[in-house]
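K.L.:
Kindly generate the corresponding structure for this input.
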Amino acid sequence: MQRFIDRTVIVTGAGSGIGEATARRFSAEGANVVLAGDTLAKLERVAADLPPERTMTRKTDVSKYRQVQALVAATVKRFGALHVLFNNAGIAVEGTVTEAPLDGWDRIMAINAGGVFHGCRAAMPHLIESGGCIVNTASVSGLGGDWAMGFYNASKGAIVNFTKALALDHGKDGVRVNAVCPSLTFTPMTADMKKDRKLMARFRERIPLGRGAEPSEIAAVVAFLASDDASFVNGVALPVDGGLMASNGQPDMS
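P.N.:
Below you'll find the predicted structure:
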């Protein structure tokens, strides 16, 4: 498929995991791709495999509005327009409300929720002009709670509802806003979890497909939401979870 020829896409958190896989997917479908992240070496590693005439890297701290604003401006200057913003950059902070580090709250909200806000605010005028769209990375953790992950749940829940509010406000402007909500996905962020055999066995019990996702599987859904194939999809927080949320939480009694 070549759904993104002559379209320009910004991907934040593009140096690894879901961001890297999605940047590669957009590029493979013909897009101009701007790779943004906080580590330039990681971005350049990804960019090395992509067509140089359609690829740009930009070191960006998404928690800083001026840096995100500069990212958008540089994108439009290089490629002439912006059609898709994929707000993907994020971190995790573990622990209960009394155990997690106090500064973890400010940090996770600044990057996860703040980064999405900054991207949407900076990009929206350009997306209105191009009739573009936004896809945000939320999580099944934004649709329900986890044990000892309250900070992360709050940040991802904020993304889910912010996505819906933006969809209401800017649908009339021709801009669609959706979120993808992965469950366990095998990225650098979950590398330690993958090594834990007992934990992985518990995930396999809970996920009907019996496994976690590969980043490319999430990327495929992001590309769908950003494409004209999803032209009437707006305000959706789409679980990409192998059927995890199909359960009412009761154990398998078969």
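
K.L.:
Need the contact partners of the longest helix seen in the chain.
P.N.:
Assignment by DSSP state H gives helix 150-170 as the longest helix of the chain. The contact list for helix 150-170 (Cβ atoms under 8 Å, 6 or more residues apart in numbering) reads 87, 90, 92-97, 100, 104-105, 108-109, 112-113, 116-117, 120, 124, 128, 134, 136-139, 141-143, 145-146, 175-179, 181, 234-235, 237. Glycine gets a C-beta too; all of them are placed from N, C-alpha and C.

K.L.:
From the residues you listed, list the buried ones, please.
P.N.:
87, 90, 92-93, 100, 104-105, 108-109, 112-113, 116-117, 120, 124, 134, 136-139, 141-143, 175-179, 181, 234, 237 (16 or more other Cβ atoms under 10 Å).

K.L.:
what about the helices in this protein?
P.N.:
Along the chain, the stretches classed as helices by DSSP H are 17-28, 40-47, 65-79, 102-108, 114-130, 150-170, 191-195, 197-206, 215-226.

K.L.:
Assess the claim that Pro188 and Ser16 are in contact.
P.N.:
Yes: the criterion here is Cβ atoms under 8 Å, and Pro188 meets it with Ser16 at 5.0 Å.

K.L.:
burial of Lys194, as a residue count?
P.N.:
Lys194: 14 surrounding residues under other Cβ atoms under 10 Å.

K.L.:
who's in contact with it?
P.N.:
Phe186, Met200, Gly212.

K.L.:
Likewise for Ala226?
P.N.:
By Cβ under 8 Å, 6+ apart, Ala226 lies in contact with Phe4, Val9, Phe26, Val84, Phe86, Cys133, Val135.

K.L.:
And Gly115, by the same measure?
P.N.:
Thr12, Val62, Ser63, Val68, Asn87, Ala89, Gly90.

K.L.:
Give me the number of neighbouring residues for Leu199.
P.N.:
Neighbour count of Leu199, defined by other Cβ under 10 Å: 13.

K.L.:
same thing with the one 10 residues further on?
P.N.:
Neighbouring residues of Leu209 were enumerated by other Cβ under 10 Å; the total is 12.

K.L.:
just Asp228 next, same as before
P.N.:
8.

K.L.:
ok, back up a step: so for Pro188 and Ser16, which residue has more residues nearby?
P.N.:
More crowded of Pro188 and Ser16, by other Cβ under 10 Å: Ser16, with 18 against 12.

K.L.:
That one against Phe186, yeah?
P.N.:
No: contact between Ser16 and Phe186 fails when scored by Cβ under 8 Å: they sit 11.4 Å apart.

K.L.:
List only buried entries from the contacts of Ala226.
P.N.:
Among the contacts of Ala226, those classed as buried by 16+ other Cβ under 10 Å are Phe4, Val9, Phe26, Val84, Phe86, Cys133, Val135.

K.L.:
Out of those residues, the closest to Asp192 would be?
P.N.:
Comparing these against Asp192 with Cβ to Cβ places Phe86 closest, at 25.5 Å.

K.L.:
Does that closest one touch Ala123 like I think?
P.N.:
No: Phe86 is beyond contact range of Ala123, at 10.4 Å (criterion: Cβ under 8 Å).

K.L.:
Overlap in contacts, the two.
P.N.:
Common neighbours of Phe86 and Ala123 are listed as Ile10, Ile134 (criterion: Cβ under 8 Å, 6+ apart).

K.L.:
List every C-alpha atom in stretch 245-254, with coordinates, as PDB.
P.N.:
Extracted in PDB, the C-alpha atoms of stretch 245-254 (Å, rounded to 0.1, in the frame of the first residue of the first chain):
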ATOM      1  CA  MET A 245     -10.500  -6.000  27.200                       C
ATOM      2  CA  ALA A 246     -13.100  -8.400  25.800                       C
ATOM      3  CA  SER A 247     -13.100 -10.100  29.300                       C
ATOM      4  CA  ASN A 248     -15.200  -9.000  32.200                       C
ATOM      5  CA  GLY A 249     -12.300 -10.000  34.500                       C
ATOM      6  CA  GLN A 250     -13.600 -13.300  35.600                       C
ATOM      7  CA  PRO A 251     -11.200 -16.300  35.400                       C
ATOM      8  CA  ASP A 252     -11.300 -18.900  32.600                       C
ATOM      9  CA  MET A 253     -13.600 -21.600  34.000                       C
ATOM     10  CA  SER A 254     -13.700 -23.900  30.900                       C
END
